[in-house]
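Enquirer: Could you work out the structure for the sequence below:
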Amino acid sequence: MPLPALTDLTDLVTLRHTLHQHPELSGSENETAERVVSFLQRYNPDKIYTNLGETGVAAVFNGISPDGPTIVFRAELDALPIAEANQDLPYRSVYEGKGHKCGHDGHMAILTALGSIVHQQKPVRGKIVLLYQPAEETGAGAMAVLNDKRFTEEIKPDYVFGLHNLPGYTLHQVVVREEVFAAASTGMIIELQGKSSHAAEPENGLNPGQAMAEILLGFNRIAEEKEQFSSFALITVIHARLGEVAFGTNPGFATIMATLRAYMPEDMQKLKALTQQCVEQVSANYSLAFTIRFTEEFTATINSKAEVETIRKVASRLDLEQQEALQPFRWSEDFGHFTARYKGAFFGLGAGSGHAQLHHTDYDFPDDLIPTGAALFYGIIQEILGQ
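Expert: Numbering: from 1, shown residues only. This is a model prediction of the structure:
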């Protein structure tokens, strides 16, 4: 099956470069959304939803017959708080400390390219929806879209598909996996409260430093006792702070931040329970008050078996190399919120074996993937509709 022709590929590459040049962080993707909507107008979608889940966009293309499934394809709007190191890039980020270092600009271009194909080759039935989701990087965007009644009650998906470019894999290679594709993760913030005093009179205060040290060691022990988990589980301490930098003060508070990560949902729940128990026990031993909160929660991305098989069939028809991921990916994706409710799957698309890795300062999305990703998405439509 040949790749569908993209007569406006040059314009789509220019769109990608423009999006790359003007990155916006999670929850603030207003100009990005406006650029996407403006570009989509040339394809005459039947309806465009804006401010979906706050800043998201959804473009709806009706098939020739209204009867049939609603198939949603998703890309992400947001960039990262990472500076652009590609000094010679003609379209480098104009915003200091912000960059499209995960390829979301490319994913948006792929999705828009699908709009070009659907505009030229209208599906025989059903609805095709291009979803540009906000705030993927913080894990808040998918749930924000799902909490928008326009998505659940008007768009009403039957299927949801998404992809992510994967540096380190052969360019254009399709990477699939049934069941868990990407790990669950959450940020954990612990605050310990004791009592400050003069550094010359530590006996008159309650310094949480030793408790903080014991919690860090306790977290290490939890992660090392791997037999208590059914699969991969990890705790990464990413920040620890004891008081302020003041040599005359015995500090009275401490903060610990850690990322909990697991492939299986039950292991994530166990990680949460064990780390909370550790904090509670150590705090009680030192008579400290404490608070625990979780942030940036990503559920595991779990694929439907039948929909993964659909992707395999399409990749074969397009003569694209395939690879089965032996293990889930350790990074997290909030796309799992969609596959928890709807039939669907998430897959990878190789960005090149020698390509800069995701979230690195010198990363840039390879434009060659735009027609490939769009062809895969359109092939999924054809496969589901039996065209």
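
Enquirer: which strand is the longest one in the protein?
Expert: strand 65-76 (DSSP state E).

Enquirer: For that one, buried residues please.
Expert: Buried residues in strand 65-76, defined by neighbour count with 16 or more other CB atoms under 10 Å: Gly68, Pro69, Thr70, Ile71, Val72, Phe73, Arg74, Ala75, Glu76. The way it works is simple: take the backbone N, C-alpha and C, and place the C-beta from them, glycine included.

Enquirer: Equivalent analysis for stretch 145-156, please.
Expert: Val145, Leu146, Asp148, Phe151, Ile155.

Enquirer: Not counting sequence-adjacent ones, nearest residue to the last one?
Expert: It refers to Ile155. In space, and not counting its chain neighbours, Ile155 is closest to Val129: 5.7 Å by CB to CB, 6 or more residues apart in numbering.

Enquirer: and the one you found, how far is that from Pro66?
Expert: 14 Å (CB to CB, to the nearest Å).

Enquirer: cool, and Val118?
Expert: Distance from Val118 to Pro66, by CB to CB: 15 Å.

Enquirer: just to revisit the earlier point, would you convert the buried residues of strand 65-76 into JSON lines that also reports pLDDT and distance to Leu206?
Expert: Formatted as JSON lines, those follow (pLDDT from 0 to 100; distance: CB to CB, whole Å):
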{"residue": "Gly68", "pLDDT": "96", "distance to Leu206": "66"}
{"residue": "Pro69", "pLDDT": "98", "distance to Leu206": "61"}
{"residue": "Thr70", "pLDDT": "98", "distance to Leu206": "58"}
{"residue": "Ile71", "pLDDT": "98", "distance to Leu206": "59"}
{"residue": "Val72", "pLDDT": "98", "distance to Leu206": "53"}
{"residue": "Phe73", "pLDDT": "99", "distance to Leu206": "55"}
{"residue": "Arg74", "pLDDT": "98", "distance to Leu206": "49"}
{"residue": "Ala75", "pLDDT": "98", "distance to Leu206": "50"}
{"residue": "Glu76", "pLDDT": "98", "distance to Leu206": "45"}
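
Enquirer: you'd agree Asn204 is up against His198?
Expert: Yes: if you go by CB atoms under 8 Å, Asn204 and His198 touch, sitting 7.3 Å apart.

Enquirer: on that earlier part again, could you pick out which of the buried residues of stretch 145-156 are located in helices?
Expert: Val145, Leu146 (DSSP state H).

Enquirer: between the buried residues of stretch 145-156, which is nearest Ala351?
Expert: Val145 (25.7 Å; CB to CB).

Enquirer: Show the contacting residues for the nearest residue to the closest one once chain neighbours are set aside.
Expert: Spatially, and ignoring its direct neighbours in sequence, Val145 is nearest to Gly53 (3.7 Å; CB to CB, 6+ apart). When contacts are counted by CB atoms under 8 Å, 6 or more residues apart in numbering, Gly53 touches Gln133, Pro134, Ala135, Gly141, Ala142, Met143, Ala144, Val145, Leu146, Asn147, Asp148, Phe151.

Enquirer: which sections of the stretch 1-150 of the chain are below the confidence cut-off?
Expert: For the stretch 1-150 of the chain, the stretches with pLDDT under 70 are 1-4.

Enquirer: Swap in 90 and give it another go.
Expert: Across the stretch 1-150 of the chain, residues meeting the criterion (pLDDT under 90) sit at 1-7, 66, 86-88.

Enquirer: of all the buried residues of stretch 145-156, which two lie farthest apart?
Expert: Taking CB to CB, no two of those sit farther apart than Leu146 and Ile155, at 10.8 Å.

Enquirer: which element is the residue nearest to the spatial centre of the chain on?
Expert: Centroid-nearest residue in the chain: Glu333, 3.5 Å away (criterion: CA atoms, centre = their mean). Secondary structure assignment for Glu333, by DSSP states H and E: no helix or strand.

Enquirer: Surely it and Phe298 touch.
Expert: Yes: Glu333 lies in contact with Phe298 (CB under 8 Å); the separation is 6.6 Å.

Enquirer: Mind giving me the packing neighbours of the helix ranked longest in the chain?
Expert: If you go by DSSP H, the chain has its longest helix at helix 265-285. Contacts defined by 3 or more CB pairs under 8 Å, 6 or more residues apart in numbering; DSSP states H and E place helix 265-285 against strand 184-193, helix 209-224, strand 233-242, strand 253-262, strand 289-298.

Enquirer: go with 6 Å
Expert: With contacts defined as 3 or more CB pairs under 6 Å, 6 or more residues apart in numbering; DSSP states H and E, helix 265-285 has these neighbours: helix 209-224, strand 253-262, strand 289-298.

Enquirer: what's the most buried one of those?
Expert: Compared across the helices and strands packed on helix 265-285, strand 253-262 shows the largest average neighbour count, a mean of 22 (mean count of other CB atoms under 10 Å).

Enquirer: Next, the angle from that one to strand 233-242.
Expert: If you take axes from the mean of the first three to the mean of the last three CA atoms, to 10 degrees, strand 253-262 sits at 170 degrees to strand 233-242.

Enquirer: mean confidence score for strand 253-262?
Expert: Strand 253-262 shows a mean pLDDT of 98.

Enquirer: for that strand, packing partners?
Expert: Using 3+ CB pairs under 6 Å, 6+ apart: strand 253-262 touches strand 184-193, strand 233-242, helix 265-285.

Enquirer: Could you export the ones you listed as a markdown table, including mean neighbour count and mean pLDDT?
Expert: Converted to a markdown table, these look like this (neighbours: other CB atoms under 10 Å; pLDDT from 0 to 100):
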| stretch | mean neighbour count | mean pLDDT |
| --- | --- | --- |
| strand 184-193 | 21 | 98 |
| strand 233-242 | 16 | 98 |
| helix 265-285 | 17 | 97 |
